[in-house]
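In: Pasted the sequence and its predicted model underneath.
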Amino acid sequence: ELVSSYRYDIDTIEPVGISKAELLLLAAYGCSFSRNEVYETIVRESGIDVDLTKVDMYKNIDDNGTAVMFGDVKLIAGNYELISEFVKDRDDITPDDLTVYIAANGKYAGKIRVKNADDSDYSLAIKKLNEADLDRVMLLTSSPEAEARVISEKLGISETWYGLSFDERQTKLKNLRVSF
């Protein structure tokens with residue numbers, strides 16, 4: 001069994017009414033308390049040394065994102081479902097598992113999208129797994145279907161489960177372990 005988080009890089013930074021640097025700062029603090037790999041990527045790739053003493057409160061909200069008090073700024077960092085509760089009438093807020101939307105003090109501040117990083121490290125591992133005469137080699141990912149299919153084809157993985165949250169992937173792995 002090979003269980004690994006896929007590595008992401010920041011793809012686009014689209015601030016609204018603030019600079020890219022300001023959006024990255026808000027995102028780094030807003031994403032600091034999430035265990036989701038997309039959020040962790042934003043913190044890591046931002047290059048910002050997050051000072052947790054500047055955070056007065058944080059709350060994970062139903063695996064959809066986080067609410068953070070950063071000084072006098074109430075941050076919401078989240079997915080489409082969460083941000084849609086706080087921000088209305090925006091065409092650029094659409095369902096996408098690789099995008100984190102940011103709001104500061106109730107106002108939309110922008111979005112950051114990540115992309116799958118170079119998968120060359122995984123190619124060799126997947127090749128070895130396929131050569132090991134295993135019953136199944138699977139990809140379980142939060143990526144959307146089209147992106148997951150491209151990754152699977154590129155890596156030679158025949159069974160792909162896409163669009164899964166962190167908790168859904170963990171449940172799927174537990175169920176697979178029980179069935180073997």
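Out: Nice, I can see it.
In: With adjacent residues omitted, what lies nearest to the residue nearest the centre of the chain?
Out: In the chain, the centroid-proximal residue (CA atoms, centre = their mean) is V38; its distance is 2.1 Å. Among residues not flanking V38 along the chain, V114 sits closest, at 5.4 Å (CB to CB, 6 or more residues apart in numbering). For glycine as for every other residue, the C-beta is placed from the backbone atoms N, C-alpha and C.
In: so the one you found touches I10, yeah?
Out: Yes. Using CB atoms under 8 Å, V114 is in contact with I10, at 5.7 Å.
In: where do the contact lists of the two overlap?
Out: Residues touching both V114 and I10 comprise 41-42, 45, with contact defined as CB atoms under 8 Å, 6 or more residues apart in numbering.
In: burial of A21, as a residue count?
Out: Number of residues near A21 (other CB atoms under 10 Å) recorded here: 12.
In: Remind me what the helix or strand containing T171 packs against, helices and strands.
Out: Element membership for T171 (DSSP states H and E) is helix 166-179. In terms of contacts (3 or more CB pairs under 8 Å, 6 or more residues apart in numbering; DSSP states H and E), helix 166-179 is packed against strand 138-140.
In: Show me what counts as buried in the strand it packs on.
Out: For strand 138-140, the neighbour count (16 or more other CB atoms under 10 Å) marks 138-140 as buried.
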